[in-house]
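Trainee: Take a look and give me a structure for this.
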Amino acid sequence: MIFAHQSLKGYNTFGFDVTARYFAQPASIKEAMEAITEAHRLGAPLYVLGRGSNVLFTQDFDGLIIKPALLGIEVVEQAADHVVVAAGAGEVWDHLVAWCVDRNWGGLENLSHIPGTVGAAPAQNIGAYGAEAKDTIVKVEGLFIDTLKPFVFSAAECAFGYRNSIFKTELKNRVLITKVFFKLSTAALPNTDYGRIEEELQSQPDRSIRCIRQAIINIRNQKLPDPAKMGNAGSFFKNPTVTEVLALKIQATYPNMPLYPADLPGYGKLPAAFLIEKSGWKGVRKGNVGVHDTQPLVLVAFEGAKGSEILDLSMQIQRSVKEKFDILLEPEVNIL
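Mentor: Model (predicted):
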């Protein structure tokens with residue numbers, strides 16, 4: 001069923017009260033195909049929305065928003081050392097993580113407490129605390145929006161990169177993901193080298209993946225504001241990848257700045273939060289929007305804020321960081 005003039009206030013974590021001209025929540029592939037067909041008939045643009053935790057609406061959407069409600073988690077392959085789990089695109093991401101951790105299947109625990117849906121995970125190649133979705137994804141199923149033909153992409157065909165995939169580049173707005181398959185280990189190998197995980201584990205009873213999950217939940221709760229209390233979309237910018245020459249030049253001025261390895265030789269990854277803070281933006285408020293006072297990567301919306309104000313603030317931050325460090329920050333959030 002397609003609804004007209006649907007408020008999206010409850011469907012984006014900034015909490016902006018914008019309106020979609022049309023809105024659908026298909027619970028099956030058949031319903032998804034019917035919604036796409038109707039969008040074609042209406043000549044309306046189409047956008048696939050997860051939980052709205054990584055999107056910035058700057059105005060009403062004059063088209064069809066499809067929010068997949070395809071649910072279900074199942075084991076499709078089981079061996080001595082691994083299992084392959086399939087999850088519907090509409091499943092809440094952290095529900096899947098908890099489901100796997102409860103069964104002591106390792107691979108997703110470092111991605112605990114990330115908002116969003118399963119379908120958004122490969123599109124964004126979500127990542128946190130030394131892990132990325134691509135580390136466990138084996139294939140992705142979905143539909144091409146223009147032809148309604150199904151597809152099955154292997155992990156290699158998804159062209160995963162840092163917070164990136166084929167679904168954000170050449171296939172952006174051209175596909176609807178319906179199901180994602182993950183290969184998980186039955187003999188979990190803890191990944192605790194990133195950030196404050198080791199420190200937080202000191203308060204946990206052991207180093208099981210359940211305790212790693214809880215440690216990461218604790219860290220995220222300490223660092224990030226609750227969208228139910230303060231509108232935000234988590235990390236607004238990507239950590240920039242720069243040449244080692246530039247990274248070491250900046251580190252010479254700021255010896256305490258972390259420098260992370262990048263996928264490309266001769267390059268390093270810098271923490272965007274550090275660059276934003278050193279550019280003077282931490283805790284700054286501009287009218288109804290601002291930069292979070294403990295995590296500068298998070299832009300927040302106060303009462304009465306509009307998406308255009310968040311966009312303007314993000315552009316001001318980009319200019320400041322560019323002027324100070326000669327680095328142009330790239331938004332992680334999808335801007336509509």
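Trainee: Please make it C-alpha for all contacts and neighbour counts, starting now.
Mentor: Fine.
Trainee: What ranges does the stretch 1-150 of the chain have for its strands?
Mentor: In the stretch 1-150 of the chain, the strands defined using DSSP state E, counting those that start in this stretch lie at 2-7, 19-24, 46-48, 55-56, 61-66, 73-78, 82-88, 127-128, 131-132, 137-144, 150-154.
Trainee: By mean pLDDT, flag the weakest helix or strand of this structure.
Mentor: Using mean pLDDT, DSSP states H and E, helix 197-201 stands out as the lowest-scoring helix or strand of the chain, at a mean of 73.
Trainee: Please compute how far the next helix or strand along the chain from that helix lies from its chain's middle.
Mentor: Using DSSP states H and E, the helix or strand that follows helix 197-201 in sequence is helix 209-223. Relative to its chain's centre, helix 209-223 lies at 17 Å (Cα atoms, centre = their mean, to the nearest Å).
Trainee: With stretch 104-116 instead?
Mentor: Taking mean C-alpha positions (Cα atoms, centre = their mean), stretch 104-116 and its chain are 13 Å apart.
Trainee: averaged over its residues, what pLDDT does it have?
Mentor: For stretch 104-116, the mean per-residue pLDDT is 92.
Trainee: ok, now stretch 236-255?
Mentor: Averaging pLDDT along stretch 236-255 gives 89.
Trainee: do the same with stretch 81-99
Mentor: Averaged across stretch 81-99, pLDDT comes to 96.
Trainee: Contacts for that stretch next, please.
Mentor: Identification of contacts with stretch 81-99 by Cα atoms under 8 Å, 6 or more residues apart in numbering yields 50, 67-78, 105, 108-109, 111-121, 177-187.
Trainee: other SSEs contacting the least confident helix or strand of the chain?
Mentor: Counting contacts by 3 or more Cα pairs under 8 Å, 6 or more residues apart in numbering; DSSP states H and E, helix 197-201 packs against helix 209-223.
Trainee: starting at the chain centroid, how far to the next helix or strand after the helix it packs on?
Mentor: Downstream of helix 209-223, the first helix or strand assigned by DSSP H and E is strand 231-235. Chain-centre distance of strand 231-235: 10 Å, with Cα atoms, centre = their mean.
Trainee: Return the list of strands paired to strand 231-235, each annotated with direction.
Mentor: According to DSSP bridges, strand 231-235 has the following sheet partners: strand 298-301 (antiparallel).
Trainee: Pull the residues that contact the partner strand.
Mentor: The contact list for strand 298-301 (Cα under 8 Å, 6+ apart) reads 14, 224, 230-236, 288-292, 310, 314.
Trainee: again, only using 7 Å
Mentor: F14, M230, G231, N232, G234, S235, F236, N288, V289, G290, V291, H292 (Cα atoms under 7 Å, 6 or more residues apart in numbering).
Trainee: now stretch 113-124
Mentor: Residues outside stretch 113-124 that contact it (Cα under 7 Å, 6+ apart): 50-51, 53, 87-94, 133, 163-165, 167-168, 177-180, 217.
Trainee: Could you list which of those residues belong to helices?
Mentor: W93, D94, I217 (DSSP state H).
Trainee: just curious, which of those is nearest to D193?
Mentor: Of all the ones in helices among the contacts of stretch 113-124, D193 sits closest to I217, with 16.0 Å by Cα to Cα.
Trainee: quick check: longest helix of this structure.
Mentor: helix 307-325.
Trainee: So which bits of that one are buried?
Mentor: Neighbour counts over helix 307-325 (16 or more other Cα atoms under 10 Å) mark G307, E309, I310, L311, L313, S314, I317, Q318, S320, V321 as buried.
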